[in-house]
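model this:
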Amino acid sequence: VHFILLSRLSTFSLSTYIYLIYSPGYYCQNGLRFKCKEGTYGETSALFDDNCSGFCPRGYFCPENTVHPIPCSPGSYASGGAKECTSCEVPLTVSMEIKNNM
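The predicted model follows:
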């Protein structure tokens, strides 16, 4: 469990802290928690950038709230920052032997 200091309230000499509990796959801005957006991933806690840990790398996809990039399945691809993989279309003129060895 991770905590982020949101605000500090002071009364006399006593200090009270308000904390927000959150986990990987989220980022925090202005005291509010948001899911990492499509095409990004949030591997760690304590993220404050709306790009979370960064953009999803090529060959992987990242739906909303992704903690670790997900690899594309064989026969598909993704460019950087993808929210889903795209299927590779193999032309009909390619022989079955070649297709089976792909």
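
What are the boundaries of the helices in the protein?
Secondary structure of the chain (DSSP state H): helices at 96-100.

what ranges do the strands span in it?
2-11, 14-22, 26-29, 32-35, 40-41, 54-55, 60-61, 70-71, 76-77, 86-87 (DSSP state E).

What strands line up against the fifth one, and which way round?
Strand 40-41 pairs in its sheet with strand 54-55 (antiparallel), by DSSP bridges.

centroid residue for the protein?
Tyr41 (1.6 Å; Cα atoms, centre = their mean).

Against Ser53, how distant is that residue?
6 Å (Cβ to Cβ, to the nearest Å). Using the backbone N, CA and C atoms, a C-beta is placed for each residue, glycine as well.

What are the contacting residues of stretch 39-51?
2, 4, 22-29, 34, 36-37, 52-56, 62, 65-69, 81-83 (Cβ atoms under 8 Å, 6 or more residues apart in numbering).

Of those, grab the buried ones for ChimeraX.
Those of those that count as buried under 16 or more other Cβ atoms under 10 Å are selected in ChimeraX with:
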select :4,22,24,25,26,27,28,34,36,37,52,53,54,55,56,62,65,66,67,69,81,82
